[in-house]
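> Got a sequence here, can you build the structure:
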Amino acid sequence: MNAHEHDYDDPLAQRLRGLPAERVPPAAVWQRVAAAMEQVPRAQPPVAAPRSSSPTSAGRARGGVWLRYAAAAVVVVAVLASAAMWWQPQPPAAPMAMQESALQRQANTITYQYRQAMASMPHDSVPVELQPALRELDESAGSIRSAIAQSPDATFLLGQLQRTYALRLELTRKGVNPTGIST
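Numbers count the residues shown, from 1 in each chain. Take a look at the predicted model:
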């Protein structure tokens with residue numbers, strides 16, 4: 001299987017594949033680079049100045065040390081100031097209500113109504129054999145809500161959430177009222 005089979009319709013991909021794999025600059029460019037390198041004078045190693053024990057040269061040497069410390073302090077302050085600007089605390093995140101899509105608001109409304117209906121039912125009289133099925137429906141509803149959060153444009157998920165909650169309510173009603181008469 002060729003790596004490019006999937007993008008055969010893409011004209012940009014076809015043009016990119018038509019480009020040469022490696023582009024070498026002309027020889028004249030290398031000749032100019034070599035000539036420029038020969039013209040640049042090479043730095044001579046610094047020659048150490050002879051040390052003098054005269055009072056004026058010792059004073060200059062001490063002044064040079066303080067100058068170096070001052071320059072280092074300025075550099076440290078500049079680095080810290082730029083780091084402080086870079087690491088400023090982030091503004092607080094927008095409230096969740098502003099980030100919710102219309103589909104998420106509808107899912108929240110359905111979930112609220114479902115929880116109200118569940119609160120009106122007794123939970124202690126649900127048979128033990130129904131507990132795994134109820135747990136699975138709860139997990140399924142949680143997965144659907146997560147999918148809605150990840151894909152807020154997938155409107156079909158809202159119908160799945162409604163059906164899941166309806167099944168959960170009906171199964172709970174049957175467990176509470178084993179005669180099968182819906183309330």
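> Please pull up the helix or strand immediately following the helix or strand of the chain with the lowest mean pLDDT.
Within the chain, no helix or strand scores below helix 96-99, which has a mean of 55 by mean pLDDT, DSSP states H and E. Moving toward the C-terminus from helix 96-99, the next helix or strand (DSSP states H and E) is helix 102-119.
> now what about that next one, what contacts it?
100, 141, 145, 148-149, 152-155, 157-158, 161-162, 165, 168-169, 172 (CB atoms under 8 Å, 6 or more residues apart in numbering). Every residue, glycine included, has its C-beta placed from N, CA and C.
> Low-confidence stretches in the chain?
Within the chain, the stretches with pLDDT under 70 are 1-9, 23-24, 41-63, 84-99, 123, 178-183.
> any chance you could map the strands in it?
Taking DSSP state E as the criterion, the chain carries no strands.
> which stretches of it form helices?
Assigned by DSSP state H, the helices in the chain fall at 11-18, 27-39, 55-86, 96-99, 102-119, 131-150, 156-176.
> Would you mind listing the buried residues in the first one?
Same thing as helix 11-18. Going by neighbour count (16 or more other CB atoms under 10 Å), nothing in helix 11-18 comes out as buried.
> what does the fifth one give?
Neighbour counts using 16+ other CB under 10 Å place 103-104, 106-107, 110, 114 of helix 102-119 among the buried residues.
> that older thread, with residue 125 as the reference, name the closest of the helices of the chain.
Across the helices of the chain, residue 125 has its closest neighbour in helix 156-176 (5.4 Å, CB to CB).
> which residues are contacting the closest one?
Residues from elsewhere that reach helix 156-176 (CB under 8 Å, 6+ apart): 103, 106-107, 110-111, 114, 117-118, 121-123, 125-127, 130, 133-134, 137-138, 140-141, 144-145, 147-148, 151, 180, 182-183.
> Try it again at 7 Å.
Here helix 156-176 makes contact (CB atoms under 7 Å, 6 or more residues apart in numbering) with 103, 106-107, 110, 114, 117-118, 121-122, 125-127, 130, 133-134, 137-138, 140-141, 144-145, 147-148, 180, 182-183.
> filter these to the buried ones?
In these, burial by neighbour count holds for 103, 106-107, 110, 114, 126, 134, 137, 140-141, 144-145, 147-148, counting by 16+ other CB under 10 Å.
> Output the residues you listed as a markdown table; include the columns distance to residue 65.
Formatted as a markdown table, these follow (distance: CB to CB, whole Å):
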| residue | distance to residue 65 |
| --- | --- |
| 103 | 69 |
| 106 | 73 |
| 107 | 70 |
| 110 | 75 |
| 114 | 77 |
| 126 | 84 |
| 134 | 79 |
| 137 | 78 |
| 140 | 74 |
| 141 | 73 |
| 144 | 71 |
| 145 | 68 |
| 147 | 67 |
| 148 | 67 |
